[in-house]
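Asker: Provided below for reference: sequence and predicted model.
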Amino acid sequence: MEPPSKCQKEGCKKKLTLTSIQCKCKKYFCPTHRYEQEHACEFDYKAEQKANLNRYLSTPIIAAKIEAI
């Protein structure tokens, strides 16, 4: 799927550049609206961070054994 040519924020008609980045909500925005607070992002960042933290904390951390001299 090809990215749109204009910002997907309602009411914004700015043209997108080749370096425009897709948000985690699967939409493309201009540099002004790229942050989640600026475009009322629907993606649940809190749940994603909680899942990442749970995955990180659930992996056991085992130190390598030290050879005795």
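Answerer: Great, that's in hand. This one's a predicted model, so the numbers in the text were calculated from it and none came from an experiment.
Asker: Let me see the contact set for the residue nearest the centre of the chain.
Answerer: A centroid search over the chain (Cα atoms, centre = their mean) returns Lys24, at 4.7 Å, as the residue closest to the centre. Going by Cβ atoms under 8 Å, 6 or more residues apart in numbering, Lys24 touches Glu36, Cys41, Phe43, Tyr45, Glu48. Quick note: C-beta positions are derived from backbone N, CA and C, even for glycine.
Asker: for these, which one is nearest Ile62?
Answerer: Taking Cβ to Cβ as the measure, Ile62 lies nearest Glu48 of the contacts of Lys24, at 27.1 Å.
Asker: Can you tell me the SS state at Gln49?
Answerer: At Gln49, secondary structure determined by DSSP: H, G, I helix; E, B strand; the rest coil is helix.
Asker: that older thread, where does the residue nearest to the centre of the chain land in three-state SS?
Answerer: coil.
Asker: ok, it to Leu18 distance?
Answerer: Applying Cβ to Cβ, to the nearest Å, the value for Lys24 to Leu18 is 20 Å.
Asker: ok, now Leu57?
Answerer: In terms of Cβ to Cβ, Leu57 sits 39 Å off from Leu18.
Asker: The two: which is more packed in?
Answerer: Leu57 (9 against 5; other Cβ atoms under 10 Å).
Asker: Name the helix or strand for the more buried one, please.
Answerer: In this structure, Leu57 sits in helix 45-58 according to DSSP states H and E.
Asker: Could you pull out the buried residues of that helix?
Answerer: For helix 45-58, burial by neighbour count (16 or more other Cβ atoms under 10 Å) applies to no residue.
Asker: Then stretch 15-32?
Answerer: In stretch 15-32, counting by 16+ other Cβ under 10 Å, buried: Leu16, Ser20, Cys23, Lys27, Tyr28, Phe29, Cys30.
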